[in-house]
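> Here is the input, now give the coordinates:
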Amino acid sequence: MPDWWYLQPQNTDDYYNPNKPGVSGVSHLVTALILYGYLIPISLYVSIEVVKVLQASFINQDIHMYDEETGNPAQARTSNLNEELGQVDTILSDKTGTLTCNQMDFLKCSVAGTAYGVRSSEVELAAAQQLANDLEDQDSGRPTGSRQKGKQQEIELETFVTSKDEKDRKSPIKGFSFEDSRIMKGNWLKEPDADIIMLFFRILAVCHTAIPELNEETGRCTYEAESPDEGAFLVAAREFGFEFFKRTQSSVFVRERYSASGEAIDREFKILNMLEFTSKRKRMTVIVRDEDGQILLLCKGADSIIFDRLSKNGRLYQEDTSKHLNEYGEAGLRTLALAYRKLDESEYSAWNNEFQKAKTSIGTDRETLLEKVADMMERDLILIGATAVEDKLQKGVPQCIDKLAQAGLKIWVLTGDKMETAINIGFACSMLRQGMKQICITAISSDAKNVVKENILLQITNASQMIKLEKIHMLHLL
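Numbers count the residues shown, from 1 in each chain. From the prediction side, this is the model:
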């Protein structure tokens, strides 16, 4: 070996020994890997970017991600997140518009303590299908005779779900899936409480902020509403024979097709005041003057809010309506209660003066004054009934959630529905399944924020400890 002085080949140390070239070679190889590990060939970056672009192209062309109804394929808007898709372990989702279509269909209603509407909701069909599956699971432990009986029940149930309901649920009218011959096509005039039913339809047609638009092809009015629920109410009122067709700054016009005379009548309702819906108020009210000069307060809102504002004489149908609302909630439907009140001229005049003062006031307490004045008028109401609209699940949602759950992903869904409604919708979309333990955590809104927070944390802690004890118990059994 040449006598290179700077290498000092004759000197040995821990990293170099000329008598042990193998050990020195491995040591130098490891040293080189450590030193050059931070150096990445520029061609590798190019290769990675090409692979990401190809992956995005495959996603865009994947036929399994193509939506036939809208004609939209999957769109990979960026290729930089491809490798992160497999790292997702939690999905946070909203219900309305994400799991559901955000297309409301008027399905059922309760008027004067009588329930109307014979069609079944998707949640009811899912519950029926789950019952059929439970019957099938129980068949394995039954004798032959009982098993045949169970199969017969399942066949009858499946026939009811697949043939009858699928046939009935095909509705040609967007926003209206109602079916009940008792009040359709003017048959409500033959009902015992025809006057209350007529007022119910008038509230649907008048209590709103929508704008009508005439469809020249069909000759019918379509509506630009603030919410899908409001649009469904107007379509329902139109199909029941109370068509809202015109709005001015001071009036709304309703064409009533069915009347005692048998001819269509155009009625004008002058809008005196409008108390709009807010998430805090949970109700909407309009004060109108009809053609007879009678001042009416028409109100719709959450049943918990409306029931607290009923007069003693206005609770005649409360028990039956509450029962129907619970049934609608269990069927996964969105509900609202409807009520009204007749006003005297002197009473309205005195209130309107206070309302105008609050409306024209300037200051930070303006909203508080308006809410206080509105609360003074929205009292002593008379309950008429309730509505139930359905927001259907998007196609393939249950199957998608089921596959995500099987992959081990944690799924959170936010909804403003009642607890019973949320649970039933959870079963309908396969987020909740039979045998899954349900833990319900509740808090009273009247409590202070700190108290509510401590209460929820305590309930979560107790639930977690309970689950751990159950797991330990199951391990001992195994």
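> For the protein, name the helix or strand with the lowest mean pLDDT.
Of the helices and strands making up the chain, the lowest-confidence element is helix 144-159, at a mean of 44, by mean pLDDT, DSSP states H and E.
> Need phi/psi at the residue nearest in space to the middle of the chain.
Residue closest to the average C-alpha location in the chain (Cα atoms, centre = their mean): Thr96, at 3.5 Å. Here is the backbone geometry of Thr96 (degrees, to the nearest 10): phi -70, psi 120.
> quick one: contacts for it?
Contacts of Thr96 were listed using Cβ atoms under 8 Å, 6 or more residues apart in numbering, and they are 102, 391, 415. Every residue, glycine included, has its C-beta placed from N, CA and C.
> Tell me where the stretch 351-478 of the chain has strands.
For the stretch 351-478 of the chain, applying DSSP state E, counting those that start in this stretch gives strands covering 382-393, 410-414.
> and if you look at the stretch 1-150 of the chain?
Under DSSP E, counting those that start in this stretch, the stretch 1-150 of the chain gives strands at 90-94, 100-111, 114-116.
> before we move on, the earlier item: looking at the strands of the stretch 351-478 of the chain, which is closest to Ala422?
Set against Ala422 and scored by Cβ to Cβ, these come closest in strand 410-414, at 8.2 Å.
> Adjacent strands (with direction) for the closest one?
Partner strands and pairing direction for strand 410-414 (DSSP bridges) are strand 90-94 (parallel).
> tell me the most buried of the strands of the stretch 1-150 of the chain?
With neighbours taken as mean count of other Cβ atoms under 10 Å, those reach their highest mean count in strand 100-111, at a mean of 24.
> Packing partners of that strand?
In terms of contacts (3 or more Cβ pairs under 8 Å, 6 or more residues apart in numbering; DSSP states H and E), strand 100-111 is packed against strand 114-116, helix 194-206, helix 228-239, helix 318-330, strand 382-393.
> can you list the domain ranges for this protein.
42-87, 102-119+169-392, 439-478 (automatic domain parsing).
> mean pLDDT for these: which is lowest?
Mean pLDDT values for the domains of the chain show the minimum at domain 439-478, a mean of 73.
> Any idea how far that domain is from the middle of the chain?
26 Å (Cα atoms, centre = their mean, to the nearest Å).
> Ala386 reaches Ala337, doesn't it?
Yes. Using Cβ atoms under 8 Å, Ala386 is in contact with Ala337, at 4.8 Å.
> Need the residues touching each of these two.
303, 321, 325.
> ok, the last one - contacts?
Pointing back at Leu325 there. With Cβ under 8 Å, 6+ apart, Leu325 has these contacts: 110, 303, 335, 337, 386.
> next one: the first one
Under the criterion of Cβ under 8 Å, 6+ apart, the neighbours of Asp303 are 321-322, 325, 335-337, 386.
> Swap in 10 Å and give it another go.
The contact partners of Asp303, by Cβ atoms under 10 Å, 6 or more residues apart in numbering, come to 282, 318, 321-322, 325-326, 328-329, 335-338, 383, 386, 418.
> re earlier: let me have the contacts of Leu325 in TSV, extended by distance to Gly71.
Formatted as TSV, the contacts of Leu325 follow (distance: Cβ to Cβ, whole Å):
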residue	distance to Gly71
Ser110	40
Asp303	40
Thr335	35
Ala337	40
Ala386	38
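> Which of those sits closest to Leu458?
Asp303 (29.6 Å).
> where do the helices sit along the chain?
21-36, 42-60, 122-139, 144-159, 165-168, 194-206, 228-239, 303-307, 318-330, 345-359, 366-377, 397-406, 419-428, 449-477 (DSSP state H).
> nearest to Met184, of these?
helix 228-239 (7.7 Å).
> and that closest one, what does it pack onto?
For helix 228-239, the contact count by 3 or more Cβ pairs under 10 Å, 6 or more residues apart in numbering; DSSP states H and E identifies strand 100-111, helix 194-206, strand 221-224, strand 242-247, strand 251-256, strand 295-301, strand 334-343, strand 382-393 as packing neighbours.
> so what's the closest residue to Ala405 other than its chain neighbours bridging to?
Take Ala405 and drop its neighbours on the chain: the residue closest to it by Cβ to Cβ, 6 or more residues apart in numbering is Ile411, 6.7 Å away. Note on Ile411: beta-bridge partners Ile91, judged by DSSP bridges.
> quick one, what contacts Ile411?
90-93, 401, 404-405, 426, 429-431.
> Let's have these in CSV, adding pLDDT.
CSV is the format used below for the contacts of Ile411 (pLDDT from 0 to 100):
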residue, pLDDT
Thr90, 92
Ile91, 92
Leu92, 93
Ser93, 91
Ile401, 90
Leu404, 90
Ala405, 88
Gly426, 86
Cys429, 86
Ser430, 85
Met431, 86
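> re earlier: could you save the shared contacts of Ala386 and Ala337 as a markdown table and add columns showing distance to Glu291?
A markdown table is the format used below for the shared contacts of Ala386 and Ala337 (distance: Cβ to Cβ, whole Å):
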| residue | distance to Glu291 |
| --- | --- |
| Asp303 | 31 |
| Thr321 | 29 |
| Leu325 | 33 |
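> Can you tell me which of those residues lies closest to Ser361?
Using Cβ to Cβ, the shared contacts of Ala386 and Ala337 come closest to Ser361 at Asp303, 32.1 Å.
> roughly how far apart are that closest one and Glu124?
In this view, Asp303 and Glu124 are 20 Å apart by Cβ to Cβ, to the nearest Å.
> One more: Glu390?
10 Å.
> wouldn't Met104 be in contact with Thr335 here?
No. Counting by Cβ atoms under 10 Å, Met104 does not reach Thr335; the two are 11.9 Å apart.
> Return every residue with contacts to both of the two.
Val389.
> Pretty sure Asn424 sits against Leu125.
No. Judged on Cβ under 10 Å, Asn424 makes no contact with Leu125 at a distance of 11.4 Å.
> Looking at these two, which has the bigger crowd around it?
Asn424 (22 against 18; other Cβ atoms under 10 Å).
> tell me the contacts of Ser259?
Residues in contact with Ser259 (Cβ under 10 Å, 6+ apart) are 186, 189, 198, 241, 265, 267.
> ok, those vs Val286, which is closest?
With Cβ to Cβ as the yardstick, the closest approach to Val286 among the contacts of Ser259 comes from Arg267, at 14.7 Å.
> That closest one contacts Arg257, doesn't it?
No. If you go by Cβ under 10 Å, Arg267 and Arg257 don't touch, sitting 11.6 Å apart.
> Could you name every residue contacting both of those two?
Common neighbours of Arg267 and Arg257, using Cβ under 10 Å, 6+ apart, are Phe242.
> So the nearest residue to Phe201 once chain neighbours are set aside versus Arg119, what's the distance?
Excluding the flanking residues, the one nearest Phe201 by Cβ to Cβ, 6+ apart is Phe242, at 4.3 Å. When distance is defined by Cβ to Cβ, Phe242 is 21 Å away from Arg119.
> Between the two, tell me which one has more neighbours.
Looking at Phe242 and Arg119 with other Cβ under 10 Å, you find the greater number of neighbours at Phe242, namely 23 against 18.
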